[in-house]
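Asks: can't give you the sequence, but here's the structure:
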Ligand code: SF4
């Protein structure tokens, strides 16, 4: 799995950081998402999927290959 985020769409809601703090962070200045782990390990996949599902801005895109 690969993850990408669209900073222009992100509204800084922080749901992704709560669900998968090892994969997503937020910038201190404005809360916009920072992608820490573009290729999460298999044990992180379910959290990342949930983060993408709940992101209110649909700013998280998953590229499934595994
Ligand atoms: S959940 Fe979506 S809108 Fe909220 S910080 Fe993460 S990427 Fe941005």
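Replies: Received it, and whenever you're ready, just let me know what you need. Being a predicted model, the structure only gives us computed values, none of them experimental. Numbers count the residues shown, from 1 in each chain.
Asks: quickly find the element holding the residue nearest to residue 20 when sequence neighbours are not counted.
Replies: Spatial nearest neighbour of residue 20, chain neighbours left out: residue 47 (4.1 Å); criterion: CB to CB, 6 or more residues apart in numbering. C-beta here means a position set from N, CA and C on the backbone, and glycine is covered the same way. Residue 47 belongs to helix 45-54 when assigned by DSSP states H and E.
Asks: residues making contact with that helix?
Replies: The contact list for helix 45-54 (CB atoms under 8 Å, 6 or more residues apart in numbering) reads 1, 3, 15, 16, 19, 20, 23, 24, 40, 60, 61, 62.
Asks: nearest to residue 34, of those?
Replies: residue 24 (7.0 Å; CB to CB).
Asks: what's across from that closest one in the sheet?
Replies: residue 35 (DSSP bridges).
Asks: what about the most far-flung residue of the chain relative to its centre, distance to residue 21?
Replies: Farthest-out residue of the chain from its mean C-alpha position, per CA atoms, centre = their mean: residue 29, at 17.9 Å. Distance, residue 29 to residue 21, by CB to CB, to the nearest Å: 19 Å.
Asks: with residue 4 instead?
Replies: Residue 4 is 18 Å from residue 21, by CB to CB.
Asks: would you agree residue 21 falls within a helix?
Replies: No - using DSSP: H, G, I helix; E, B strand; the rest coil, the assignment for residue 21 is coil, not a helix.
Asks: ramachandran angles for the nearest residue to residue 30 once chain neighbours are set aside?
Replies: Among residues not flanking residue 30 along the chain, residue 12 sits closest, at 6.4 Å (CB to CB, 6+ apart). Main-chain dihedrals, residue 12, degrees, to the nearest 10: phi 70, psi 30.
Asks: sounds good, over and out.
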